[in-house]
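Trainee: What follows is a predicted protein model with its sequence.
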Amino acid sequence: MAHTVAVIVGSLRKESFSLKIAKAFAKIAPPSLKLEIVTLHGLSFFNQDLEATPPADWVTFRETIQKSDAVLFVTPEYNRSISGVLKNAIDVGSRPYGKSSFNGKPCGIVSNSPGAIGGMGAAMHLKSILPGISGPIMQQPEIYLNGVGDAFDDKGNLTKEALEKVLKDYIAAFAAWIERLKT
């Protein structure tokens, strides 16, 4: 039976590299994983005042995470951190207090950038946010994808062979790690 992985895309941009990377992962994932790409379009801002009767989009997002066996964050770097929409999604999913939808879910972090550092600041920020509200975070291999600006064709297909190898190696390691944790 395949493990379901919620792949949370940390960018709203229609042609975002994060979305393209998430779709590439879905194409190359081993049969032991079923990747469900989760975009954050339409997820309203977290406001604790609404928690008594949470908006339908919060409930849907939380249920998606709860039904998954693991979570893979694919994020760009915004000002040495994660995007506001990703932080909002984490806030929505981690509430109500003590009932985080991420709790116990193995997590992976994939950051990316067209620049040289590969979104390392975003990945490090996620590593500081997730403990306490999620399950274990895969530590090795780490993946900071740099130079992704020319990795896809005009249809969004991955064309950079070196990047494809890195993605295949990572998703295989993630699958093996989930399997070890789930058995």
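Mentor: Structure received.

Trainee: Wait, E36 touches A70, no?
Mentor: No - using Cβ atoms under 8 Å as the test, E36 is too far from A70 to be in contact (10.6 Å). The C-beta positions use only the backbone N, C-alpha and C, and glycine is treated the same way.

Trainee: between the two, what contacts are shared?
Mentor: Both E36 and A70 are contacted by T4, V5, A6, under the criterion Cβ atoms under 8 Å, 6 or more residues apart in numbering.

Trainee: Quick one: which of these is the most crowded by neighbours?
Mentor: Using other Cβ atoms under 10 Å as the neighbour criterion, V5 leads these with 28 neighbours.

Trainee: Contact partners for that one?
Mentor: Applying Cβ under 8 Å, 6+ apart, we find V5 in contact with A29, L33, K34, L35, E36, S68, D69, A70, V71, L72, F174, I178.

Trainee: Can you report how many residues lie near the last one?
Mentor: Same thing as I178. The number of residues packed near I178 is 21, by other Cβ under 10 Å.

Trainee: Which one's more surrounded, E36 and A70?
Mentor: A70 (25 against 15).

Trainee: Just the buried ones among the contacts of V5, please.
Mentor: A29, L33, L35, S68, D69, A70, V71, L72, F174, I178 (16 or more other Cβ atoms under 10 Å).

Trainee: if we can go back for a sec, among the contacts of V5, name the ones in strands.
Mentor: Among the contacts of V5, the members falling in strands (DSSP state E) are L33, K34, L35, E36, A70, V71, L72.

Trainee: one step back: any chance of the shared contacts of E36 and A70 in JSON lines with secondary structure and distance to S101 as columns?
Mentor: Output for these, formatted as JSON lines (DSSP: H, G, I helix; E, B strand; the rest coil; distance: Cβ to Cβ, whole Å):
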{"residue": "T4", "secondary structure": "strand", "distance to S101": "13"}
{"residue": "V5", "secondary structure": "strand", "distance to S101": "14"}
{"residue": "A6", "secondary structure": "strand", "distance to S101": "9"}
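
Trainee: that older thread, between the contacts of V5, which is closest to N103?
Mentor: Closest approach between the contacts of V5 and N103, by Cβ to Cβ: V71, at 10.8 Å.

Trainee: Touching, the closest one and S101? I think so.
Mentor: No - using Cβ under 8 Å, V71 is not in contact with S101; the gap is 9.0 Å.

Trainee: so what sits against both of those two?
Mentor: I65.

Trainee: The residue lying closest to L158 once chain neighbours are set aside sits in which helix or strand?
Mentor: Nearest residue to L158 in three dimensions, chain neighbours excluded: A24, at 4.4 Å (Cβ to Cβ, 6 or more residues apart in numbering). According to DSSP states H and E, A24 maps onto helix 17-28.
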